[in-house]
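>>> the sequence and its predicted three-dimensional model are supplied below.
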Amino acid sequence: MRWALVKVCLAVTTMVVIAFAVPLGLVIKEMARDRAFSNAEREAAVVVPALSITTDRDQLERVVASAGSDDGMAVHLPASEGRAAVDLGRQRAADTDIAAVRKLGRASTAEVPGGSALLQPVALSLGTVVVEVYVPESEVSNGVGTAWAVLAAVGAALVVGSVAVADRLGVRMVQPAKRLVEGAHELGEGQLGARVPEEGPSELRLAAVAFNSMADQVVQLLANERELAADLSHRLRTPLTVLRLNAASLGDSPAAEQTRTAVAQLEREVDTIIRTAREAKPQTAAPGPGAGCDAAEVVRERMAFWSALAEDEGRKVRTAGVDRPVRIPVARTDLAAALDALLGNVFRHTPEGTAFAVDVHNGEDAVIVLVSDAGPGIHDPEAAMARGRGSGTAGSTGLGLDIVRRLAESTGGDVRIGSSVLGGTEVRVWIQLNGREPVRKGHRGAVRRRRRAVAGRS
């Protein structure tokens, strides 16, 4: 935008300078010519009084010599009774031009070598005398070159000055626009404190005011949403308290202990949700070096919890790829919440006795977590991924899969739903290791090869 404004100003100023400088240069040239011929007319007028007094050759030669310098003047006397035509001084004009001026009785100019000749007729009693004054070319163009050089310098200064002014105006317009773009990018990346200075042209000031107002509304809406989440989570405390009291009276059986453990964990999760909703700050940057967790350790820990429930329901469980550390740029609590959402869906939406498996594949640039089951599968994967819709079955809201999707996309990865080797649903969570880079299209083939290898081992 800045350079476009400079180019437009340069073009307009150049055209204006040319439109004024070219005619003015021509006027200066014409003025110099008029000045030269006016001087020649004055020199010719000096001879006229002498011609009216005497026609003596010697006296006229002295007058001509005193009036013209460097034999630049000549006087042509016509022939009269008893006397031939007399030419005084150096003649440069042709005889035909002199004869034409004497006949017409009007002053005229004639082109001669090295310049021009002014032919001025003077009517006397003896006939028409023609006074010839030589005007050299240097006299006609005297001062024209200097005037043109001054015009060119002034025009160049105007062009340079206009470009400088346009550049400053462009900066004044572009800088607020760039700050507005940067603020929009920062707000889009989650930096909710991004604001734009309300300065610059009136249109950009209005845009900055609108942007800042929008950003304030976004912050307020997010704050309201967090408060709502905290309030809704707080409402769970009462039924959880009743559930904990009931679980305390179940005795000391393994099932009772598992129930009490689950209730305690549920209370901790509710407390965490409330604290997070109250104190949450937008994430503005990817996790730095050393951040994240060991995915294999988190999978082993969560599978230890869910395996006990699977044993009660007669489900076969298989885990693979968790024998070595697998570092990922995801917080431990976030990965645990995503795994609990996926495994909870298995227990919620498949019949008792349905087998399931969790596989972790560690690649060079990504980690793949596969959660598969032998259930009936999901008929509409796209609808299941939509937040607030779910698979359409009772108790399905789609929020669990939305949590998993947001976790994967925060690293540049994605989530896909397909058919598993066990015959049911497979949820593949692709976690990018090098941070927010596009997922490569060729990773599906790698997933299929790993899936076939796992199926062969099982």
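Okay, I see it. For clarity, every value in this text was computed on a predicted model and none was experimentally measured.
>>> give me the helix or strand of the protein that scores worst on average pLDDT.
Evaluated with mean pLDDT, DSSP states H and E, the helix-and-strand set of the chain has its lowest mean pLDDT in helix 443-457, which scores a mean of 44.
>>> just checking, what packs against the helix or strand Leu151 falls within?
Using DSSP states H and E, Leu151 sits in helix 144-188. Under the contact criterion of 3 or more C-beta pairs under 8 Å, 6 or more residues apart in numbering; DSSP states H and E, helix 144-188 touches helix 2-53, helix 202-234. C-betas here are computed from N, CA, C, even on glycine.
>>> for the closest residue to Ala79 other than its chain neighbours, the count of nearby residues, please.
In space, and not counting its chain neighbours, Ala79 is closest to Ala85: 4.3 Å by C-beta to C-beta, 6 or more residues apart in numbering. Ala85: 12 surrounding residues under other C-beta atoms under 10 Å.
>>> go on, the one 3 residues further on?
Per other C-beta under 10 Å, the neighbour tally for Leu88 reads 21.
>>> any idea how far the nearest residue to Arg416 once chain neighbours are set aside lies from Ile18?
Spatial nearest neighbour of Arg416, chain neighbours left out: Arg428 (4.8 Å); criterion: C-beta to C-beta, 6+ apart. Per C-beta to C-beta, to the nearest Å, Arg428 is found 69 Å from Ile18.
>>> those two - which one has more neighbours?
A direct count of neighbours by other C-beta under 10 Å for Arg428 and Ile18 places Arg428 higher, at 23 against 11.
>>> name the SS class of that one, please.
Secondary structure, DSSP: H, G, I helix; E, B strand; the rest coil: Arg428 is strand.
>>> which ones are touching it?
When contacts are counted by C-beta atoms under 8 Å, 6 or more residues apart in numbering, Arg428 touches Ile368, Val369, Leu370, Val415, Arg416, Ile417, Gly418, Val447.
>>> you'd agree the fifth one is in a helix?
The one in question is Arg416. No - the assignment for Arg416, made by three-state DSSP, is strand rather than a helix.
>>> look at it and say how many residues are nearby.
Using other C-beta under 10 Å, Arg416 has 16 other residues around it.
>>> and the pLDDT at it?
In this model, Arg416 is scored at 91, pLDDT.
>>> got the contact list for it?
The neighbourhood of Arg416, defined by C-beta under 8 Å, 6+ apart, consists of Pro381, Val427, Arg428, Trp430.
>>> can you tell me how far it is from Val367?
15 Å.
>>> also Asn224?
Taking C-beta to C-beta, one finds Asn224 at 36 Å from Val367.
>>> and what of Ala84?
Ala84 is 123 Å from Val367, by C-beta to C-beta.
>>> cool, Asn39 as well?
With C-beta to C-beta as the criterion, Asn39 and Val367 are 98 Å apart.
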